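**Q** Quick one, structure for this:
(chains A, B, C and D)
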2 protein chains.
Amino acid sequence: MHPEERRAKIETYLQAAEFASLEELAQHVGASVSTVRRDVAELEEGKSIRRTHGGARILQPKTDEFVFNVRDTHHVPEKESIGEACAALIEPGQNVIIDSGTTCFHVAKHLGEKVAQVITNSLPVAHLFSGSNRHEVHVSGGVIYPRLGTLVGPDAVATFSRMHADVAILSGSGIAEDGIYNSHALIVDIQRAMIAGAAKVIFCIDGTKFERRSTFFLCDFAKVDVVVTDSGAPAALVATLRARGINVVLAAVAPRHPTA
Amino acid sequence: MHPEERRAKIETYLQAAEFASLEELAQHVGASVSTVRRDVAELEEGKSIRRTHGGARILQPKTDEFVFNVRDTHHVPEKESIGEACAALIEPGQNVIIDSGTTCFHVAKHLGEKVAQVITNSLPVAHLFSGSNRHEVHVSGGVIYPRLGTLVGPDAVATFSRMHADVAILSGSGIAEDGIYNSHALIVDIQRAMIAGAAKVIFCIDGTKFERRSTFFLCDFAKVDVVVTDSGAPAALVATLRARGINVVLAAVAPRHPTA
DNA sequence: GGACACCTTGCAATATCTTCCAGGATCTTC
DNA sequence: GAAGATCCTGGAAGATATTGCAAGGTGTCC
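**A** From the prediction side, this is the model:
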């Protein structure tokens, strides 16, 4: 195993585990603790990980869209406006599928009592409605993806395959002229089932994700009815989408007080 | 477990529990109280939590996003001791089914890293483990029962009918000499599926529920292996249960200060 | 005011980190 | 293809950090 390869392996491992001891990493890559220690020190230079006593931790979990870190304040005003704009598209009484991810969570916050029935695989969304007597919240089965608060796996896919909704509200981590991308294989499967089970499909994707492709191709635009984004989205791609008959909603980003 | 990881875990735990004693945290992360005390002091520097006498509390009660309110006020010391005593019965590495309800939530709090796989229909329990990379948490599908944060309905029953676990940890709202009772019809169905799918069945029922019958009869004692209760349970019924071969564990109720 | 639990401080044991060195693999140069 | 240089790897010794425990002080509750 070459150093480069080993380091890549360490980084990948940390992406998944967030924390790992040197011993654990040594075992994983089949090298001595000394070597791993050096690798970790090297990787720290590249700012991707941070050394800690006894191990290392990942610095920025690469997949920022789906990390439901309570402290995550990335593009909050944009997501907030998108949430508001998207919620405005929902007709009262519709039943909706809500995807996981922070952007969709913001949509859920603005739905209020418009919707009576919600289907979701997102624990934060589930919790949001859990205290309400006015909503029937159907939670998919599945295994919790650590840190994301998202239910994944065959049970989650099966749930959505069995269900139908008027609207599905989804998000992605990249959108380009060929379609929409996401960074988690497990979530892509679920999203496809959501799309298949919904009469209308709305994607909420903030402007920074335009012209970006992530690891996994999710879908082309054949089944996409609406894309809600913010005014920061590049005009060219917006025009392309509209030319294909997609209703693109540009939410105005209201200046906001910094989140205290 | 390494310092950085442990601190992250403490923080996550506090996000869910809002307040926790040092003892509880120590149990959760598998370290001594001294170490946790130091961690908590360190975390306090980072302004994320605040130390209090006897424990620590999360500083920003996390607006609304990710916190399940588990602030049950009834018989907290009893449930706490029951939780501790019940957790002590679990062998490391077992996979467990955890019922909803506050008593079972207290058991979950004390399980720490003993268990690797958890199956539950309780959103608070799910959330408790959701930040951990060491636990695989399987959440049943279902509809949220308002106020309880419990998933109910056919999907929930189906999930447990399909699954098997070494231990099932359940609770009830009444126990008498003929069996165990619960007050929610929908939950009874699920509990029966849990019992059917577990090799060992443990009921955690505080002493005030003894000699009481609720609306729905759940089960007799044929499938019940252990009953964990507190020292306030009436001796007569305890003796009856023991005579039937049930292992009755009486948790000592440690006097506790009210959580300030 | 007394009893109790909790916190602080100091200390020994343990684990980890740093630094250094020798053996081996790989690369460079001829 | 061979010889030398360079780098990488794994381990060892001393330095440092962390951990758990105990003694004494402090705050809290009744």
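**Q** Contacts for stretch A:171-186 next, please.
**A** The contact list for stretch A:171-186 (C-beta atoms under 8 Å, 6 or more residues apart in numbering or on different chains) reads A:62-63, A:65-66, A:99, A:101, A:103-104, A:145, A:152-153, A:188, A:191, A:203-205, A:209-221, A:224, A:227, A:237, A:240. (Each C-beta comes from the backbone N, C-alpha and C, glycine too.)
**Q** Give me the buried entries from these.
**A** Buried members of these, scored by 16 or more other C-beta atoms under 10 Å in any protein chain shown, are A:62-63, A:65-66, A:99, A:101, A:103-104, A:145, A:152-153, A:188, A:191, A:203-205, A:209-210, A:213-214, A:216, A:218-219, A:221, A:224, A:227, A:237.
**Q** among those, which are in helices?
**A** Applying DSSP state H to the buried ones among the contacts of stretch A:171-186, the entries found in helices are A:103-104, A:188, A:191, A:237.
**Q** check contacts around A:Lys47.
**A** A:Lys47 neighbours (C-beta under 8 Å, 6+ apart): A:Leu59.
**Q** For it, give its distance to A:Arg212.
**A** Computed as C-beta to C-beta, to the nearest Å, the A:Lys47 to A:Arg212 distance reads 21 Å.
**Q** One more: A:Ala41?
**A** 31 Å.
**Q** Kindly report the same for A:Pro77.
**A** 20 Å.
**Q** likewise A:Val152?
**A** 22 Å.
**Q** Tell me the secondary structure at the spatially closest residue to A:Phe105 that is not a sequence neighbour.
**A** Spatial nearest neighbour of A:Phe105, chain neighbours left out: A:Pro124 (5.4 Å); criterion: C-beta to C-beta, 6 or more residues apart in numbering or on different chains. Following DSSP: H, G, I helix; E, B strand; the rest coil, we place A:Pro124 in the helix state.
**Q** So A:Pro124 sits against A:Cys104, correct?
**A** No - the criterion here is C-beta atoms under 8 Å, and A:Pro124 misses it with A:Cys104 at 9.3 Å.
**Q** Might you quantify the distance of stretch A:179-187 from its chain's geometric centre?
**A** 8 Å (C-alpha atoms, centre = their mean, to the nearest Å).
**Q** what's the pLDDT at the residue nearest to A:Gly55 when sequence neighbours are not counted?
**A** Once flanking residues are discounted, A:Gly55 sits nearest to A:Ser21: 4.0 Å by C-beta to C-beta, 6+ apart. A:Ser21 carries a pLDDT score of 90 in this model.
**Q** List the contacts of A:Ser21.
**A** Here A:Ser21 is in contact with A:54-55, B:2 (C-beta under 8 Å, 6+ apart).
**Q** okay if I get the residues you listed as a markdown table plus neighbour count and distance to DNA strand C?
**A** Output for those, formatted as a markdown table (neighbours: other C-beta atoms under 10 Å in any protein chain shown; distance: C-beta to the nearest atom of the strand, whole Å):
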| residue | neighbour count | distance to DNA strand C |
| --- | --- | --- |
| A:Gly54 | 16 | 4 |
| A:Gly55 | 23 | 6 |
| B:His2 | 17 | 7 |
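**Q** who's in contact with A:Ile10?
**A** Contacts of A:Ile10 (C-beta under 8 Å, 6+ apart): A:25, A:28-29, A:36, A:39-40, A:43, A:49, A:56.
**Q** Could I have the buried ones of those as ChimeraX selection syntax?
**A** Buried subset of those, written as a ChimeraX selection, criterion 16+ other C-beta under 10 Å:
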select /A:25,28,29,36,39,40,43,49,56
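**Q** With secondary structure added, can I get the contacts of A:Ile10 in a markdown table?
**A** Formatted as a markdown table, those follow (three-state DSSP):
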| residue | secondary structure |
| --- | --- |
| A:Leu25 | helix |
| A:His28 | helix |
| A:Val29 | helix |
| A:Val36 | helix |
| A:Asp39 | helix |
| A:Val40 | helix |
| A:Leu43 | helix |
| A:Ile49 | strand |
| A:Ala56 | strand |
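**Q** Considering the contacts of A:Ile10, which is situated nearest to A:Glu91?
**A** Using C-beta to C-beta, A:Ile49 comes nearest to A:Glu91 of the contacts of A:Ile10, at 47.1 Å.
**Q** before we move on, what SS does the closest residue to A:Ile144 other than its chain neighbours have?
**A** Spatial nearest neighbour of A:Ile144, excluding adjacent residues (C-beta to C-beta, 6+ apart): B:Val137 at 4.3 Å. When classified by three-state DSSP, B:Val137 comes out as strand.
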